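J.: Quick one: sequence and predicted model below, then my questions.
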Amino acid sequence: MSVVVRSRSPLRISFAGGGSDVPPYPEKYGGAVISTSIDRYAYVSIKKNNESTLKIISQNYGLFKNLEKISDLKKYPNTSLISAAFDVLDITPKNIEVNINVDSPPGSGLGSSSALSVSLIGALSNYYGISLSTYEVAESAFELERIKAGIKGGYQDQYASSFGGFNFIEFSKTVTVNSLKLSQEVQNELLASLILCNTCTNRLSGNILKNHINLLKNNDQETFQKISKLKDEASVLKEMLLKGNISKIGDLINEQWNLKKQINKKVTNKKIDKLYNIALKAGATGGKLLGAGGGGHMLFIVDPSKKYQVVNALQKEKIDIVKFNFDSNGLQTWKIKNEKVIY
């Protein structure tokens, strides 16, 4: 009888503080972000491979390969996270099949690479009987993605995906995840006030982050000051959410977006600026691009009574409006026993 280990970890939307989690800023000054996980996921399934090889299936990229050794992974695109996961957990895989699938591709601005890293750590640790706390999963996923695989970025995404829910996450030499216990009423109002849209333009976040990191390494004081304001506004947003002041969030989100554009002009382009202006003209009170910038998903804040007109204006630009809900579970792993397992 086959035993399959499955895992899923959620993608996230970030409201404020993004950039203050990117080294070397948090080590010097401490960073803080506000984010929540959503019901879009990175999935991993692991089972014994009867063909006595390492089998990799990446459903997003149509990759179905039997490999004789781990080093063969280097021959194929988008497999660096898998080999890095083996390395971080000190695993030499034999006779297993790793099947991955992500609801949104890399470059979406929703932390998909980090969610996949978390899901890989979760599934592999379960399969091989390695006990890890939620913090240890996030730390391992950070090492996997940022150090072993060399994908540039900050600290927040791995923790947001591992823990799930609404969190105020603080960064210094250590990371502290503070869960925000928002009432269902506040969550309902916030969800009713959000519009998530896919610009249908993915980007290589590493190219954009490289400029951001260089400014920090060059000790650009203006950049440090703007990032400090991003961080401070994350604390302000935390209080707004806890008090249920949803109607006041739009202005703060706008300020976050304007600061990010001032720090790094590469985060935006003509298409993104056009969508932003269309949404605000139609009635949105605030908006920002998610992730590093340059493409991916945009988030807008709007009074629920004006949501239809904003959605209608955006859809005229041939972009996708993404329906979503909040996720409160974070990483989940489970086992299935079945003679015939269907993916």
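T.: Received the coordinates, thanks.
J.: neighbours around L194, how many?
T.: L194 is flanked by 21 other residues according to other C-beta atoms under 10 Å. Every residue, glycine included, has its C-beta placed from N, CA and C.
J.: Hmm, it is touching L299, no?
T.: Yes. Between L194 and L299 a contact is recorded at 6.5 Å, counting by C-beta atoms under 8 Å.
J.: Phi, psi for the residue lying closest to P304 once chain neighbours are set aside please.
T.: Distance criterion C-beta to C-beta, 6 or more residues apart in numbering; nearest residue to P304, sequence neighbours excluded, is A192 at 4.4 Å. The phi and psi values for A192, taken as degrees, to the nearest 10, are phi -70, psi -20.
J.: So for A192, what pLDDT did the model give?
T.: For A192, the pLDDT comes out at 97.
J.: Now do it against E185, distance only.
T.: Here A192 is placed at a distance of 11 Å from E185 (C-beta to C-beta, to the nearest Å).
J.: ok, these two, which is more surrounded?
T.: Counting neighbours by other C-beta under 10 Å for A192 and for E185 shows that A192 has the greater number, 13 against 9.
J.: Looks like that one contacts S305 (just checking).
T.: No. The pair A192 / S305 is not scored as a contact, 9.7 Å apart, by C-beta under 8 Å.
J.: Below-threshold pLDDT in the stretch 201-343 of the chain: ranges please.
T.: 202-219, 338-343 (pLDDT under 70).
J.: hmm, 90 instead?
T.: Under the criterion pLDDT under 90, the flagged ranges of the stretch 201-343 of the chain are 201-224, 247, 263-268, 291-296, 318, 337-343.
J.: where do the strands sit along the stretch 201-343 of the chain?
T.: For the stretch 201-343 of the chain, strands defined by DSSP state E, counting those that start in this stretch occupy the ranges 284-289, 297-302, 320-322, 332-338.
J.: Would you convert those strands into CSV that also reports distance to V88?
T.: Shown next, in CSV, are the strands of the stretch 201-343 of the chain (distance: least, C-beta to C-beta, whole Å):
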stretch, distance to V88
strand 284-289, 30
strand 297-302, 28
strand 320-322, 31
strand 332-338, 16
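J.: need the ones you listed in CSV with mean neighbour count and distance to S117, can you?
T.: Shown next, in CSV, are these (neighbours: other C-beta atoms under 10 Å; distance: least, C-beta to C-beta, whole Å):
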stretch, mean neighbour count, distance to S117
strand 284-289, 25, 22
strand 297-302, 24, 19
strand 320-322, 15, 22
strand 332-338, 13, 14
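J.: and of these, who's closest to P93?
T.: Closest approach to P93 among these (C-beta to C-beta): strand 332-338, 17.2 Å.
J.: Does G109 touch K288 like I think?
T.: No. Assessed by C-beta under 8 Å, G109 is found out of contact with K288, at 9.9 Å.
J.: Using the three-state scheme, assign A84.
T.: Secondary structure assignment for A84 (DSSP: H, G, I helix; E, B strand; the rest coil): helix.
J.: How much space separates the spatially closest residue to F166 that is not a sequence neighbour from I246?
T.: Closest residue to F166 in three dimensions, ignoring its sequence neighbours and counting by C-beta to C-beta, 6+ apart: L180, at 4.1 Å. Distance, L180 to I246, using C-beta to C-beta: 14 Å.
J.: quick one: which of these two has more around it?
T.: Just comparing L180 and I246: by other C-beta under 10 Å the higher neighbour count belongs to I246, 21 against 14.
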